[in-house]
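*Asks:* model this:
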Amino acid sequence: MAKHRAIPPGFLTVGEVAKKTGVTVRTLQYYDKEGLLSPSAESEGGRRLYTDKDVVTLHQIISLKSLGFSLDDIKQRLISLETPADVAKALTEQADDIRGKIQQLTASLTAIEQLKAEVLQMQTVSFKKYADIIVNLQMKNDSYYLIKRFDDETLDHIRNQFDKESGLNFMDRFNCLSDEIVQLQKESAPPESEKCQQVVKEYWDLIMEFTNGDMSMLPKLMEVGNIGTAANAWEERQKIVNDYLEPALQIYFSKLGLNPFEEVKR
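*Replies:* Residues are numbered from 1 along each chain as shown. Purely as a prediction, here's the structure:
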């Protein structure tokens, strides 16, 4: 670090930099201590002196910090500003970071608007359900609105039965199987056909996996699955699945010689 008797032209004191950039002197001292931004020179009286280049670097730090990066992350991302290409690279990276932040904020705004719509449709205040809906929105689980149709006991079962990874895996398999069923319906495949009965078996196995074999949950699932007027694309698809599966399930259970839904009613 160069030393100067007085403050030469082109240098700024720590106070001047703080005033110019809107950060505190204490913050600049902290950045110096952490090796993030050190002054380029020092007067013989011990005053820290910064250059315009230091100010540009400080703006890099401020910008990255506003995007949520930690100081350790920022230290790794700071780019040398020796050439126009260096400056352009720094600006390009900051622009990319800002675009990423805009995408995150847009997704968050969408999730908040979706949550607001769901909350207004619910008849009672349930912070457990709100929390579950928020988690599923963050996971981009398209069937998140099913949560509001489950009672607290069923939601507790789901929380105990699935974690984030296994829950998403289950819904992926459920949705893929539902797509297969919709395709069978489009092909007018008879419910008694081998292809249809194989899909029905897989569907029933998923239900047993979901309930963990607890047959007392079936009436609740039937109530949740009973869709009158579809309010969205997922419900429209599920209505097709339900209508197509009803006779196919009857055939499947008839072959097994049992009807679990009748068993539960007794």
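
*Asks:* Kindly state the domain boundaries assigned to this protein.
*Replies:* Domains of the chain are assigned by automatic domain parsing as 2-78, 151-265.

*Asks:* now the ones you listed as TSV including mean neighbour count, distance to Q104 and mean pLDDT?
*Replies:* From N, CA and C alone the C-beta is placed, and that goes for glycine too. Output for those, formatted as TSV (neighbours: other CB atoms under 10 Å; distance: least, CB to CB, whole Å; pLDDT from 0 to 100):
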stretch	mean neighbour count	distance to Q104	mean pLDDT
domain 2-78	15	9	84
domain 151-265	14	19	81
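
*Asks:* mind putting these in a markdown table, distance to L91 included?
*Replies:* Below are those laid out as a markdown table (distance: least, CB to CB, whole Å):
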| stretch | distance to L91 |
| --- | --- |
| domain 2-78 | 9 |
| domain 151-265 | 37 |
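
*Asks:* now for the ones you listed, which one comes closest to T92?
*Replies:* For the domains of the chain, proximity to T92 was assessed by CB to CB; domain 2-78 is nearest, at 12.2 Å.

*Asks:* name the element Q197 belongs to?
*Replies:* Counting by DSSP states H and E, the element that carries Q197 is helix 194-211.

*Asks:* Can you give the distance from the next helix or strand after that helix to the centre of its chain?
*Replies:* Of the helices and strands lying after helix 194-211 in sequence (DSSP H and E), the nearest is helix 218-225. Relative to its parent chain, helix 218-225 has a centroid offset of 28 Å by CA atoms, centre = their mean, to the nearest Å.

*Asks:* For Q250, which three-state class applies?
*Replies:* On the three-state scheme (DSSP: H, G, I helix; E, B strand; the rest coil), Q250 is labelled helix.

*Asks:* Likewise for V17?
*Replies:* Under three-state DSSP, V17 comes out as helix.

*Asks:* still on that earlier bit, mind checking which of the domains of the chain is nearest I98?
*Replies:* Per CB to CB, nearest to I98 of the domains of the chain: domain 2-78, 6.9 Å.

*Asks:* can you map out the helices along the protein?
*Replies:* 14-21, 25-33, 52-66, 71-77, 84-121, 127-138, 152-161, 164-186, 194-211, 218-225, 233-256, 260-265 (DSSP state H).

*Asks:* tell me what the fourth one is packed against?
*Replies:* Just to be clear, that refers to helix 71-77. Here helix 71-77 is seen to pack against helix 52-66 when contacts are counted using 3 or more CB pairs under 8 Å, 6 or more residues apart in numbering; DSSP states H and E.
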